[in-house]
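> Following is a predicted model, sequence given first.
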Amino acid sequence: MSDQPNLTPVRDAHKFEEHALADYMAKHVEGFQGPLEIQQFEGGQSNPTFLLNAGSGEYVLRKQPPGKLLPSAHQVDREYRVMDALYDTPVPVPKMHALCEDTSVLGTKFYIMEAVPGRVISDGTLPGFTVEQRQALYDDFARVLAALQNVDIHEVGLDNYGPPTNYYERQIGRWTKQYLASKTEEIEAMEKLIEWLPKNIPQSDRTVLVHGDFRIGNAIIHPTEPRIVALLDWELSTLGDPIADLGHFCVYMPGSKAGGARVPKDVNLRELGVPTEDEFVQNFCKHAGIDKIDNWEFYLVYNLFRLGGIIQGVYKRGLEGNASSQAALGLKDACRQRAELAWEMVEKMEARKQG
């Protein structure tokens, strides 16, 4: 599997006036020099992202998609703000160059950031890595997540980045509304989760910066070393509970209890050096300085529900022709699969309580 991003010509649905972008960059990006060549990243389903090759170097442009947008979605201005605030912290992020909220320039809001060299890897088994490198990179993900949750939100000016309380109530309400707004068929498990989740939220007394989509595919890995050089895709970031990001990461881990990435039966994750879900959680706790996590399965169920809502929105945009990747149309059953897995976990949890 290639660890280089897949670049394509700008797709018809996402084309914009390239000369308008060059004029904007000449005025607002320090040191910019043309000519400008633009390609689109195939990866990512939410905000279209482009590689800009210019006479002064490479940049990355990230913008809202065209068309009617769901409420509170595609907030590229929030992405820009949070990465700009984190630039001088232990959390690795690209340098921000410019944010344009004037939709008359390219048709939607956008921002321009540094193009960080490195590898983008979506496969959690980390093909091409040695056992030691896999162990080191998973350890670095645990370290970076702990570093993110230890950021002083007051010191970096993000104490007003979101409401300070009721994180899960807010998130469950948000993704319930987004799911219903993009619903294309009846999914019984989603309806059951919508009812169950608000009644079973664990007590939380910490408010930290939450990335919202913390996973291997949203990081740039050093070109040769097993460490993160940039954490990307902050569209869903807000203030909230520190365990939310951990649960999200584990939902994507190969072999996790929440389904995780599918791996062939003949692949031995232990021999590869990929930690188990429990080992990763323990390693995070070590870096974060906490003893253990209670009610762990709630966080997996919550993240499966949330992903179901997100993916349903991506699929609906695909049907309407507005998704940032053509792969969106292949997500027809993705929401149902996650919801049904989450509800199976709930049924097991409830059976244990009664038994």
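Okay, I see it.
> in the chain, which residue is closest to the centre?
Nearest to the mean C-alpha position of the chain, by Cα atoms, centre = their mean, lies D213 at 2.4 Å.
> What's the local residue count around the residue nearest to P90 when sequence neighbours are not counted?
Leaving aside its chain neighbours, P90 sits nearest to A147 (4.3 Å; criterion: Cβ to Cβ, 6 or more residues apart in numbering). The C-beta positions use only the backbone N, C-alpha and C, and glycine is treated the same way. Neighbour count of A147, defined by other Cβ atoms under 10 Å: 17.
> on that earlier part again, my read is the residue nearest to the centre of the chain is in a strand, agree?
No. According to DSSP: H, G, I helix; E, B strand; the rest coil, D213 belongs to no strand; its state is coil.
> Report pLDDT for the residue nearest to P90.
Confidence at A147, expressed as pLDDT, is 97.
> which secondary structure element contains it?
helix 131-149 (DSSP states H and E).
> Now that helix: buried residues?
Within helix 131-149, the residues scored as buried using 16 or more other Cβ atoms under 10 Å are 133-135, 137-149.
> what does that helix rub up against?
Helix 131-149 is contacted from outside by 89-92, 126, 129, 208-209, 211, 214, 216, 219, 221, 226-228, 231, 242, 245-246, 249, 271-275, 280, 283-284, 286-289, using Cβ atoms under 8 Å, 6 or more residues apart in numbering.
> Which elements pack onto the longest helix that the chain contains?
Counting residues, the longest helix in the chain under DSSP state H turns out to be helix 296-320. Helix 296-320 sits against helix 167-181, helix 188-196, helix 243-252, helix 334-354, with contacts defined as 3 or more Cβ pairs under 8 Å, 6 or more residues apart in numbering; DSSP states H and E.
> Identify each buried residue in the last one, please.
For helix 334-354, the buried set under the neighbour-count rule, 16+ other Cβ under 10 Å, comprises 334-343, 345-346.
> For that helix, what is the distance to the chain centroid?
The chain centre lies 23 Å from the centre of helix 334-354; the measure is Cα atoms, centre = their mean, to the nearest Å.
> picking up where we left off before, take the helices and strands packed on helix 296-320 and write them to CSV, including distance to P65.
Compiled in CSV, these are given as follows (distance: least, Cβ to Cβ, whole Å):
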stretch, distance to P65
helix 167-181, 15
helix 188-196, 24
helix 243-252, 22
helix 334-354, 19
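> Format these as CSV; extra columns: mean pLDDT.
Listed next are the helices and strands packed on helix 296-320 as CSV, based on pLDDT from 0 to 100:
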stretch, mean pLDDT
helix 167-181, 94
helix 188-196, 97
helix 243-252, 96
helix 334-354, 92
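> buried sites along stretch 94-110?
94, 96-100, 105-110.
> and which of the residues you listed is nearest I293?
P94 (30.5 Å; Cβ to Cβ).
> what pLDDT does the closest residue to N218 other than its chain neighbours get?
Counting by Cβ to Cβ, 6+ apart, D233 is the residue found nearest to N218 once chain neighbours are left out, at 4.4 Å. At D233, the model reports a pLDDT of 89.
> For the remainder of this discussion, apply numbering that starts at 13.
I'll keep to 13 as the first residue from here, and by that count the last item is D245.
> residues touching D245, list them.
56, 58, 91, 225, 230.
> what's the helix or strand for it?
Going by DSSP H and E, D245 is not in any helix or strand.
> give me the low-pLDDT residue ranges for the stretch 213-362 of the chain?
Residues of the stretch 213-362 of the chain meeting the criterion pLDDT under 70: 273-274, 334-338, 340.
> in its sheet, what does the strand or helix carrying R74 sit against?
Assigned by DSSP H and E, R74 belongs to strand 69-75. Sheet partners assigned to strand 69-75 using DSSP bridges are listed as strand 61-66 (antiparallel), strand 122-126 (antiparallel).
> Output it as PDB, restricted to C-alpha atoms.
The C-alpha trace of strand 69-75 is given here as PDB (Å, rounded to 0.1, in the frame of the first residue of the first chain):
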ATOM      1  CA  GLY A  69       6.900  26.100  -2.600                       C
ATOM      2  CA  GLU A  70       4.000  23.800  -1.700                       C
ATOM      3  CA  TYR A  71       0.900  24.800   0.200                       C
ATOM      4  CA  VAL A  72      -2.400  23.000   1.100                       C
ATOM      5  CA  LEU A  73      -5.800  24.500   0.600                       C
ATOM      6  CA  ARG A  74      -8.800  23.300   2.500                       C
ATOM      7  CA  LYS A  75     -12.300  24.600   1.700                       C
END
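> That's all I had, so thanks and see you.
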